[in-house]
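Novice: missing the sequence, but the structure's below:
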């Protein structure tokens, strides 16, 4: 048998935590910028299906961030995306939720936990622990995380939200007792939190002073974390040689891109461009129509529910969208799907007319939380995929379907194989889904 060639990834640090809300994004952004300021080429990654953090990573590192996902991506695609770090001096990856949080049903190559990402790439895990309300007890938490998976490259902890020198001394005593290195101690600072809204952080493009915020994070990390020690403990492993990123669904793609439509996975857009497709961004919020020469219009997810009134009166955008749909395909994901429908009801209960290319009516006033991985088997074709193709993606929104009279686009299942009622829609050349595409199944 012919041996499978491999590549060695650059050394990396994987920033994770016992749970969400412990400060790992602030730590990751501070590390990205501080290491970049030291003259290093730093490659960022995000573990899991997150649409917002990669843009913050890119702003901090000056290098595009990519998602790695062991549930939605097979081993080949996972390795191909990890190889984006080639040429970098160091990697800083950020986990999602808690380090070992995943789903019950195995996906394309795993259960979707941050630990799987760190273990596969061999990147050293930095566990950010919020020690507010505890001291030595935090060591029991850290010890549990260190020993839960013996194959995990666990490097040590960063203590966050430390109240005083005495608090630090007590927490360090606990870590010393169980032999876990303390790699940084971050004092409690209420002014270093990123603004949030219902889907998590606000978008990077909406931050009122992002450059200053990231610079502050970097200065804070530099003061309280031993960057030289982190550089020394950074580690990696080898992975199979990269293949190709996903192919484009068309040659000329008009892509909606602004504060209302920004949830597009970087690996998809990069794959489209590398395969020779022309991606032509336009802004519906600025009432721009999609390029008339486009073969396909793609509306990503985002926050159209926050801009429904403005979108409804964007006549050039809506008319251009309808003209295109008369002869060529249009696809919308989540927020983009909602805009392709008849109406969108905002949080105040006001109904706004949308494009009317699908019969979908949705309400953000009648909020219902939808979150989780999705596997969809297409009943009808959509751009880039024919009937019968299986797709993997993720759904995250609060909107409720009021009406959906069109034919279903797919049979959709959650990570445990249970049927999901949000099937997507198809009408002539127009398709839409509530899940965000990550990858097609091989």
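Specialist: Happy to help now that I have it. Small disclaimer: the values here were computed from a predicted structure and weren't measured.
Novice: show me where the stretch 151-300 of the chain has strands.
Specialist: 154-162, 182-187, 196-197, 200-201, 238-240, 252-256, 278-282, 296-299 (DSSP state E, counting those that start in this stretch).
Novice: least reliable of the ones you listed going by mean pLDDT?
Specialist: Among the strands of the stretch 151-300 of the chain, strand 196-197 carries the lowest mean pLDDT, a mean of 49.
Novice: give me the low-pLDDT residue ranges for the stretch 201-350 of the chain?
Specialist: Across the stretch 201-350 of the chain, the ranges flagged by pLDDT under 70 are 201-208.
Novice: show me the helices in it, by range?
Specialist: 210-224, 227-233, 266-274, 308-312, 315-325, 335-340 (DSSP state H, counting those that start in this stretch).
Novice: mind listing what's buried in the shortest one?
Specialist: If I follow you right, that is helix 308-312. Buried residues in helix 308-312, defined by neighbour count with 16 or more other Cβ atoms under 10 Å: 308, 310-312. Bear in mind the C-beta positions are built from the backbone N, C-alpha and C, glycine included.
Novice: likewise for the fifth one?
Specialist: Judged by neighbour count using 16+ other Cβ under 10 Å, the buried positions of helix 315-325 are 317-318, 320-321, 324-325.
Novice: does anything pack onto that helix? Which helices or strands?
Specialist: Under the contact criterion of 3 or more Cβ pairs under 8 Å, 6 or more residues apart in numbering; DSSP states H and E, helix 315-325 touches strand 296-299, helix 308-312.
Novice: distance to residue 267 added to those, as JSON lines?
Specialist: Shown next, in JSON lines, are the helices and strands packed on helix 315-325 (distance: least, Cβ to Cβ, whole Å):
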{"stretch": "strand 296-299", "distance to residue 267": "15"}
{"stretch": "helix 308-312", "distance to residue 267": "28"}
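Novice: relative to residue 414, which of those is closest?
Specialist: strand 296-299 (23.9 Å; Cβ to Cβ).
Novice: name the helices or strands packed onto the closest one?
Specialist: strand 252-256, helix 315-325, strand 330-333, helix 335-340.
Novice: so can I have a markdown table of those showing distance to residue 12?
Specialist: Output for these, formatted as a markdown table (distance: least, Cβ to Cβ, whole Å):
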| stretch | distance to residue 12 |
| --- | --- |
| strand 252-256 | 30 |
| helix 315-325 | 42 |
| strand 330-333 | 30 |
| helix 335-340 | 33 |
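Novice: relative to residue 284, which of those is closest?
Specialist: helix 315-325 (4.4 Å).
Novice: and residue 340, how far is that from residue 426?
Specialist: With distances taken as Cβ to Cβ, to the nearest Å, residue 340 is found 11 Å from residue 426.
Novice: more neighbours, the two?
Specialist: residue 340 (25 against 22; other Cβ atoms under 10 Å).
Novice: so that one sits against residue 297, correct?
Specialist: No: here residue 340 does not reach residue 297: they are 9.7 Å apart, not a contact under Cβ atoms under 8 Å.
Novice: overlap in contacts of those two?
Specialist: 321, 330 (Cβ atoms under 8 Å, 6 or more residues apart in numbering).
Novice: strands along the stretch 1-150 of the chain, start to end?
Specialist: Using DSSP E, counting those that start in this stretch, strands in the stretch 1-150 of the chain cover 6-8, 12-16, 42-47, 66-68, 90-94, 124-130.
Novice: got those as a markdown table, with mean neighbour count and mean pLDDT columns?
Specialist: Output for the strands of the stretch 1-150 of the chain, formatted as a markdown table (neighbours: other Cβ atoms under 10 Å; pLDDT from 0 to 100):
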| stretch | mean neighbour count | mean pLDDT |
| --- | --- | --- |
| strand 6-8 | 12 | 94 |
| strand 12-16 | 28 | 98 |
| strand 42-47 | 27 | 98 |
| strand 66-68 | 24 | 98 |
| strand 90-94 | 27 | 98 |
| strand 124-130 | 25 | 98 |
